[in-house]
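Colleague: fold the following and give me the result.
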Amino acid sequence: MFVTLKTLLHTLLLPPGGPLLLAFVGAALIGRCTTPRARRAGWMLLLFGLGSLWLLSTPVVADALVRAAQRSPPLDLTRLPEAQAIVILGGAAARADAPEYGHQPAVELTLLERVNYGALIARRTGLPVLVSGTPAEALAMSASLARDFQTPTRWIENNSRDTFENARFSARILQPLGIRRILLVTDGMHEWRALQEFSSAGFTVVAAPVGLYAPHPPGFVPSVTALAHSSAALYEMLGNVARVVLASSHLRRQTP
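Modeller: Residues are numbered from 1 along each chain as shown. Okay, the predicted model is just below:
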């Protein structure tokens with residue numbers, strides 16, 4: 001139920017669903033209402049919905065949102081900090097049956113970037129690897145690490161539906177073994193929120209983000225890729241706000 005509700009809110013609030021919903025409501029008001037005020041409100045909603053969708057689809061706006069969402073600096077590969085394990089998070093697309101890999105599991109592009117970087121760090125440090133995600137994600141990450149990067153997976157956590165559960169379920173595996181200092185690999189926009197969750201679960205976390213923004217000439221032509229980046233950045237920003245609100249609410253309940 002929780003995942004379904006979160007997916008529904010994601011669809012209704014974030015682009016492209018949110019702006020299109022506003023535009024649809026505006027068009028309905030224009031077509032069905034006869035009062036000037038209602039029609040003006042309809043035109044405002046229609047123009048705002050379509051205009052915001054166009055702006056969020058431009059690379060220059062998407063880049064600004066991505067930069068704002070990425071709050072963790074890159075890991076310095078020349079001076080790797082001390083840690084006891086590497087944790088690679090799922091949360092991206094994976095396939096349970098990839099024909100090109102002989103019908104074995106495979107990770108898709110965003111998750112492949114995390115797996116690739118986690119394997120690089122593992123080779124340089126010799127640290128053991130834990131993968132955390134849904135059953136499909138964890139299986140695909142483990143298979144890709146072994147098959148494509150010759151990097152074994154020491155632990156598989158395959159029950160998580162979100163970042164909160166990534167942290168709690170990983171703690172159940174690692175902390176009884178005395179492992180509390182980890183290198184955490186995930187997307188740059190997701191890293192800060194993941195770091196907060198793993199810190200709350202009792203870990204000392206070294207951020208190892210991937211997909212970080214690099215300066216390039218601004219683009220103004222709308223694209224599907226830019227819209228996807230805008231949506232992902234807004235999702236993380238809203239997730240950070242929601243986490244702060246929930247933490248504050250919990251703290252108030254605990255205070256006598």
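Colleague: how much space between residue 91 and residue 81?
Modeller: Applying CB to CB, to the nearest Å, the value for residue 91 to residue 81 is 24 Å. Yep, even glycine has a C-beta here, placed from its N, CA and C like the rest.
Colleague: whoops, residue 102 was the one
Modeller: The gap separating residue 102 from residue 81 is 38 Å, by CB to CB.
Colleague: sketch out the strands for the stretch 51-200 of the chain, chain order is fine.
Modeller: With strands called from DSSP state E, counting those that start in this stretch, the stretch 51-200 of the chain shows them at 85-89, 94-98, 104-107, 129-132, 155-157, 181-187.
Colleague: looking at those, which is closest to residue 208?
Modeller: Taking CB to CB, strand 181-187 is the member of the strands of the stretch 51-200 of the chain nearest to residue 208, at 4.6 Å.
Colleague: other SSEs contacting that closest one?
Modeller: strand 85-89, helix 109-125, helix 188-200, strand 204-210 (3 or more CB pairs under 8 Å, 6 or more residues apart in numbering; DSSP states H and E).
Colleague: for the longest one, buried residues please.
Modeller: If I follow you right, that is helix 109-125. For helix 109-125, a neighbour-count test (16 or more other CB atoms under 10 Å) marks 110-122 as buried.
Colleague: now swap in the third one and tell me
Modeller: Using 16+ other CB under 10 Å as the test for burial, helix 188-200 gives 188, 189, 190, 191, 192, 193, 194, 195, 196, 197, 198.
Colleague: the first one now?
Modeller: Residues of strand 85-89 classed as buried: 85, 86, 87, 88, 89 (neighbour count, 16+ other CB under 10 Å).
Colleague: would you mind measuring from the residue lying closest to the fourth one once chain neighbours are set aside to residue 69?
Modeller: Looking back up the chat, that one is residue 88. With CB to CB, 6 or more residues apart in numbering as the criterion, residue 88 has its nearest non-adjacent residue at 4.0 Å, and that residue is residue 118. With distances taken as CB to CB, residue 118 is found 21 Å from residue 69.
Colleague: where does the protein dip in pLDDT?
Modeller: Scanning the chain for pLDDT under 70 picks out the ranges 1-5, 247-256.
Colleague: give me the domain ranges for it.
Modeller: Following automatic domain parsing, one finds the domains of the chain at 1-57, 85-210.
Colleague: would you tell me which one of the ones you listed is buried the most?
Modeller: Ranked by average neighbour count under the criterion mean count of other CB atoms under 10 Å, those are headed by domain 85-210 at a mean of 20.
Colleague: quote the end-to-end distance of it.
Modeller: Domain 85-210 has its terminal residues 17 Å apart, counting by CA to CA, to the nearest Å.
Colleague: repeat that for stretch 100-110.
Modeller: Taking CA to CA, stretch 100-110 runs 18 Å from one end to the other.
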